[in-house]
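Engineer: coords please:
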Amino acid sequence: MKIKQLSLLFILLALFVMPVHAHAQQPVVHAVMFWMDGCPHCEDVIQNVLPPLQQKYGGQFDLFMIEVKGQEDVNLLYQVADSYGVPQEGTGVPFLIIGDQVLIGSDQVREQLPVLVEDYLTQGGLDYPKNSLLTELLPASALPTTLELAAQPQ
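Structural biologist: Predicted structure coming up:
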């Protein structure tokens, strides 16, 4: 009787572990979005654009959101925008970075983000933007590993 229980336990364990392992091997597209509470364009993206993407792609689409709360955050947004060639006058929220592309405003995000996510997934996924201004804000998993740092030219 104990052998049957052990066998059943191993089978159940394998069923729960295998999908997690298989899911970890799927490509993931990472992006960053600056947003502001009370901004109707941000609310539109958060309520109407992002949920269908999350429902369709689940963990394969990872959006790191940075809330713009005060002047320090606004200054950071302007610096990040400038690093992508976007002048201060053309900078607004939502401000989404995916790869080396910037999407500004709810219309650009609505029209271009779904296509970009799909394209990058078919290409094997996409890391967080490589922008030194964002490095300290991004999750630890987005930071370069020791091997990646060693491979970079000095």
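Engineer: three-state assignment of Cys79?
Structural biologist: Residue 79: Gln, not Cys. helix (DSSP: H, G, I helix; E, B strand; the rest coil).
Engineer: count the residues that sit near the residue lying closest to it once chain neighbours are set aside.
Structural biologist: In space, and not counting its chain neighbours, Gln79 is closest to Leu133: 5.6 Å by CB to CB, 6 or more residues apart in numbering. Backbone N, C-alpha and C define where each C-beta goes, glycine included. Neighbour count for Leu133, taken as other CB atoms under 10 Å: 14.
Engineer: and the gap between Leu133 and Val102?
Structural biologist: Counting by CB to CB, to the nearest Å, the gap from Leu133 to Val102 is 13 Å.
Engineer: next: Val29.
Structural biologist: The gap separating Val29 from Val102 is 15 Å, by CB to CB.
Engineer: between the two, who's got more neighbours?
Structural biologist: Val29 (25 against 19).
Engineer: got a pLDDT number for that one?
Structural biologist: Looking at Val29, its pLDDT is 97.
Engineer: and it, bridged to which residues?
Structural biologist: Phe61, Leu126 (DSSP bridges).
Engineer: got a list of what it touches?
Structural biologist: For Val29, the contacting residues are 57, 60-62, 98, 116-117, 120-121, 125-126, by CB atoms under 8 Å, 6 or more residues apart in numbering.
Engineer: make a ChimeraX selection of the buried ones in these.
Structural biologist: Provided next is the ChimeraX selection string for whichever of the contacts of Val29 are buried by 16 or more other CB atoms under 10 Å:
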select :57,60,61,62,98,116,117,120,121,126
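Engineer: using TSV, lay out the contacts of Val29 together with distance to His41.
Structural biologist: What follows is those, written out as TSV (distance: CB to CB, whole Å):
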residue	distance to His41
Tyr57	22
Gln60	25
Phe61	20
Asp62	22
Ile98	17
Leu116	18
Val117	19
Tyr120	23
Leu121	26
Gly125	28
Leu126	24
